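Student: attaching a predicted model along with its sequence, questions to come.
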Amino acid sequence: MKRRFAKTAALFAVITILLSFTACNDRTATGEYFDVFGTTLYIEGYSAEEAQSAAAVMREAELLLSADIPSSDIGRINSAAAGESVTVSGLTMTLLLKAREVYLLTDGAYDPSVYPLVELWGFAPGDFVMGIAPDSLPTDGEIAAASELVGFDRAFSLDADALTVTKLTDGAKLDLGGIAKGYAVQNSLAGFSDETLVNLGGNIGGVGRDYTIGIGAPREYTHSYIGTLTLHSGECVSTSGDYERYYFFDGVRYHHIIDPSDGRPADSGLISVTVVCRDGALGDALSTAIAVAGEEKGREWLDALSADHPEISAVFVDGDMNVSVYGRGFSAV
Ligand code: FAD
Ligand code: MG
């Protein structure tokens, strides 16, 4: 029941983005939908076989990466005691190392150890029901206690050669929800031999030609856009915002992107951040980090990355719906 609500919300986001794509695409709809990562995977691919194989690879990744599956690598890490070393797959280690890179780059604004706070605010996959608020909000004491468990380098140690993760703080937990979809989309692109667009719950990548992607208007519940982006072959786009997983409590919006520095839903002034990057995992985690820390910090990080990632670009939307752009490729409607 809970899952159905979450998936419906995700599907809405997918459709919002894809309508613009379809309008710019002269092929007839040949896409396929799959259920992956608790959201909807849509592949508009040249070959159904390739699409099915990409979905199968993502389903295997989900069995390793989901915080909601007790037997997954992340599930086993989360239930381990302090001092225990958990052996993980190469994929999980690759993602944890990438997550640590973004954690360090963003001074912990992106922090994969934020899960105790995600759970506390009611946004863990098994708990969250779109449109339904919890009975009460966390107390200051509960937020302080959960915050003690957060801090990737403080709470976890990685051994990349031995493929082990050791928990240093009892109760600490990991969550790759802010990075894994971007990784999975980028990873899938190599498997397509011709023009293909992959959309995993709003994380999109394309190969074979340029694509025009619409960025949904954050406060609109119809299919409207603030503008479009050009996505070149091999690039991925990720959007993070306060309007995909949220609830209202006493008239105030609480959403799923948590600021690890104060333990509360991020309040950076931005309500939507879109990042384009060839490195899908980096773009995904960076969009989450910028949603936490705001545009000024975001521009600093984008500047620091642009030598290695000349294609990197971003679109910021603030609470008054002002749009500003870093890099190229955005056209306002
Ligand atoms: P993003 O901004 O990319 O990420 C936000 C998410 O990252 C939050 O939801 C939280 O999980 C985490 N986060 C919050 N703050 C921070 C921070 N400061 N730093 C780092 N991370 C942060 N959802 C379901 O409802 N049911 C499922 O069964 C389910 N299974 C999943 C399985 C896997 C393997 C993964 C990776 C995710 C799963 N999800 C599931 C979650 C869902 O698919 C999305 O990951 C989630 O909705 C957030 O994605 P986003 O792109 O909207 O936001
Ligand atoms: Mg993200």
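Tutor: Perfect, thanks for sending it. Numbering: from 1, shown residues only. Ligands and ions are numbered 1, 2, ... in the order given.

Student: based on its surroundings, how many neighbours for the residue of the stretch 1-150 of the chain found nearest ligand 1?
Tutor: Using Cβ to the nearest ligand atom, the closest approach of the stretch 1-150 of the chain to ligand 1 is made by residue 38 at 2.1 Å. All C-beta atoms are positioned from the backbone trio N, CA, C, and that covers glycine. Neighbour count of residue 38, defined by other Cβ atoms under 10 Å: 18.

Student: and if you look at residue 328?
Tutor: A count of neighbours around residue 328, defined by other Cβ under 10 Å, yields 12.

Student: read off the pLDDT value for the residue lying closest to the residue of the stretch 1-150 of the chain closest to ligand 1 once chain neighbours are set aside.
Tutor: Excluding the flanking residues, the one nearest residue 38 by Cβ to Cβ, 6 or more residues apart in numbering is residue 125, at 5.3 Å. pLDDT, residue 125: 89.

Student: surely residue 125 and residue 62 touch.
Tutor: No: contact between residue 125 and residue 62 fails when scored by Cβ atoms under 8 Å: they sit 11.0 Å apart.

Student: and residue 228, how far is that from residue 244?
Tutor: From residue 228 over to residue 244 the distance is 19 Å, taken as Cβ to Cβ, to the nearest Å.

Student: excluding chain neighbours, give the residue nearest to residue 44 in space.
Tutor: In space, not counting the residues next to it along the chain, residue 44 is nearest to residue 31; the distance is 4.0 Å by Cβ to Cβ, 6+ apart.

Student: which ones are touching that neighbour?
Tutor: The neighbours of residue 31, taking Cβ atoms under 8 Å, 6 or more residues apart in numbering as the test, are 42, 43, 44, 45.

Student: you'd agree the first one is in a helix?
Tutor: No: secondary structure of residue 42, determined by DSSP: H, G, I helix; E, B strand; the rest coil: strand, with no helix assignment.

Student: hey, what's it bridged with?
Tutor: Here residue 42 sits in beta bridges with residue 33, residue 199, going by DSSP bridges.

Student: switch to numbering from 13
Tutor: OK, 13 is where the count begins now, so the last one is residue 54.

Student: pLDDT at it, what is it?
Tutor: 93.

Student: now do the helix or strand hosting residue 62: which elements does it pack against?
Tutor: Using DSSP states H and E, the secondary-structure element containing residue 62 is helix 60-77. Identification of packing neighbours for helix 60-77 by 3 or more Cβ pairs under 8 Å, 6 or more residues apart in numbering; DSSP states H and E yields strand 44-48, strand 51-56, helix 85-91, helix 102-117, helix 192-201, strand 208-212.

Student: next one: the nearest residue to residue 80 once chain neighbours are set aside from ligand 2, what distance?
Tutor: Counting by Cβ to Cβ, 6+ apart, the nearest residue to residue 80 once its immediate chain neighbours are dropped is residue 137, at 4.3 Å. Look at residue 137 and ligand 2: by Cβ to the ion, to the nearest Å, they are 15 Å apart.

Student: so residue 137 is in which element?
Tutor: With elements taken from DSSP H and E, nothing contains residue 137; it lies in neither a helix nor a strand.

Student: surely residue 150 meets residue 133?
Tutor: Yes: using Cβ under 8 Å as the test, residue 150 is close enough to residue 133 to be in contact (6.4 Å).

Student: so the two - more neighbours on which side?
Tutor: Neighbours were counted for residue 150 and for residue 133 using other Cβ under 10 Å; residue 133 has more, 23 against 19.

Student: so that one is in contact with residue 261, correct?
Tutor: No: using Cβ under 8 Å as the test, residue 133 is too far from residue 261 to be in contact (10.3 Å).

Student: close to ligand 1, is stretch 182-198?
Tutor: Yes: Stretch 182-198 is in contact with ligand 1 by Cβ under 6 Å from any ligand atom, via 187, 188, 189, 190, 192, 193.

Student: same check, this time on stretch 300-310
Tutor: Yes: using Cβ under 6 Å from any ligand atom, stretch 300-310 reaches ligand 1 at 300, 304.
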